[in-house]
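In: Provide a 3D model corresponding to the input given below.
(one chain, ligands or ions: 1)
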Amino acid sequence: MSGSKKRVVLPGEVVGTSEEFLPGEGTFEEDGKIISSKLGIVKYNDKDMSVSTEPLNPIVTVQKGDIVIGVVTGVRETMVIVDIKKVEGKDRGITGETLGTIHVSKASQGYTKDLRKEFRIGDVVRAKVMQAKPSIQLTTAYPEYGVVKALCTRCRGPMLRKGTMMYCPKCERTETRKISSLYGKMKGF
Ligand SMILES: [Zn+2]
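Out: Below you'll find the predicted structure:
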């Protein structure tokens, strides 16, 4: 048996014998046989002589405590709607609910009067998940959370950070945001 070829197995399928291998993740041993306990790809590990079954498509869902990156799709005085694009540390796309909200009370460490001055549609934000079910609730109330990329509301070009303000070099105008300390430093955004 070779570890280089991808072989998909069903639960209950024999993936080796206990003379050859040790049962690893996603397998169990029965009557001298090693059997897969789930649908997945068989992996033979030559180092510890184990065999395991790895899931075909590891599902990424938004969980409480996750740090997420998303795009602002709606802004009201007391609530921001964010379409979550990525969970930090996970390469795969998100399965399931991706829309989260930031309530005005969770936008910054201080008092926020009107979210329309802190977030704009199209901005990229980094936020922490406070609650994942039944709805995704986010917070940006820490310095490292908030807007990591802002688009000028007039020309839609990227804005530069100028102290505590956002500046569009093209339009020569400033705007306000709840700026993350990671503004302009996020890879891919
Ligand atoms: Zn502009």
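In: and the closest residue to residue 61 other than its chain neighbours, what does it touch?
Out: Of all residues not flanking residue 61 in the chain, residue 96 sits nearest, at 4.8 Å (Cβ to Cβ, 6 or more residues apart in numbering). Heads up, the C-betas are built off the backbone N, CA and C, glycines and all. If you count contacts by Cβ atoms under 8 Å, 6 or more residues apart in numbering, residue 96 has them with 59, 61, 62.
In: pretty sure residue 116 sits in a strand.
Out: No: counting by DSSP: H, G, I helix; E, B strand; the rest coil, residue 116 falls outside a strand, being helix.
In: neighbours of it, how many?
Out: Number of residues near residue 116 (other Cβ atoms under 10 Å) recorded here: 13.
In: where's it relative to residue 69, distance?
Out: According to Cβ to Cβ, to the nearest Å, residue 116 and residue 69 sit 21 Å apart.
In: could you do residue 175 as well?
Out: Distance of residue 175 to residue 69, given as Cβ to Cβ: 21 Å.
In: pLDDT value on the closest residue to residue 48 other than its chain neighbours, please?
Out: Distances taken as Cβ to Cβ, 6+ apart place residue 22 nearest to residue 48, at 6.7 Å, with adjacent residues excluded. Residue 22 is assigned 95 on the pLDDT scale.
In: can you check residue 117 too?
Out: What the model reports for residue 117 is a pLDDT of 95.
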